[in-house]
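**Q** output the structure for:
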Amino acid sequence: MSVLKKPIISEKLNLLQERRGQYGFIVDRKATKPEIKKAIEEYFEVEVVKLNTMITSRKSRKNRKTGQITGKTNSVKKAIFSLKDGQSIDYFENV
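**A** Residues are numbered from 1 along each chain as shown. All right, here's what the predicted structure looks like:
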């Protein structure tokens, strides 16, 4: 089972990364906090100090022209974490 799916790259997380040193990943829905922490520490060789997780709910998608609901987005689990001082992650280096 792959715990880490993909990094979250957004303006909001870029600000968190610059100001607080926090990073974000979309993770497997069934993964627990200890599993996520272990996967991050092993893959990137860093030390995780704080870890928060959240599950975003499904949202309806509407057709712009007709206004009808055409489907729903997927529900995902996100992990936002802080690293020990002086450590950082380069998302594109290990890909």
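
**Q** give me the element the residue nearest to Arg29 when sequence neighbours are not counted is part of.
**A** Distance criterion CB to CB, 6 or more residues apart in numbering; nearest residue to Arg29, sequence neighbours excluded, is Lys77 at 4.8 Å. For every residue, glycine as well, the C-beta is placed using N, CA and C. Assessed by DSSP states H and E, Lys77 sits inside strand 76-83.

**Q** mind saving the C-alpha coords of that strand as CSV?
**A** Provided in CSV are the C-alpha atoms of strand 76-83 (Å, rounded to 0.1, in the frame of the first residue of the first chain):
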residue,chain,number,x,y,z
VAL,A,76,-9.5,12.7,-0.3
LYS,A,77,-7.4,12.7,2.9
LYS,A,78,-4.8,15.4,3.3
ALA,A,79,-1.8,15.4,5.7
ILE,A,80,-0.2,18.7,6.7
PHE,A,81,3.0,18.4,8.6
SER,A,82,5.9,20.4,10.1
LEU,A,83,9.5,19.3,10.0
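
**Q** quickly note the distance from Pro7 to Val76.
**A** 13 Å (CB to CB, to the nearest Å).

**Q** same question, Gly21
**A** Distance from Gly21 to Val76, by CB to CB: 23 Å.

**Q** wait, what's in contact with the nearest residue to Ile69 once chain neighbours are set aside?
**A** Closest residue to Ile69 apart from its sequence neighbours, by CB to CB, 6+ apart: Ser60 at 4.9 Å. Contacts for Ser60 were tallied using CB atoms under 8 Å, 6 or more residues apart in numbering; they are 69, 71-72.
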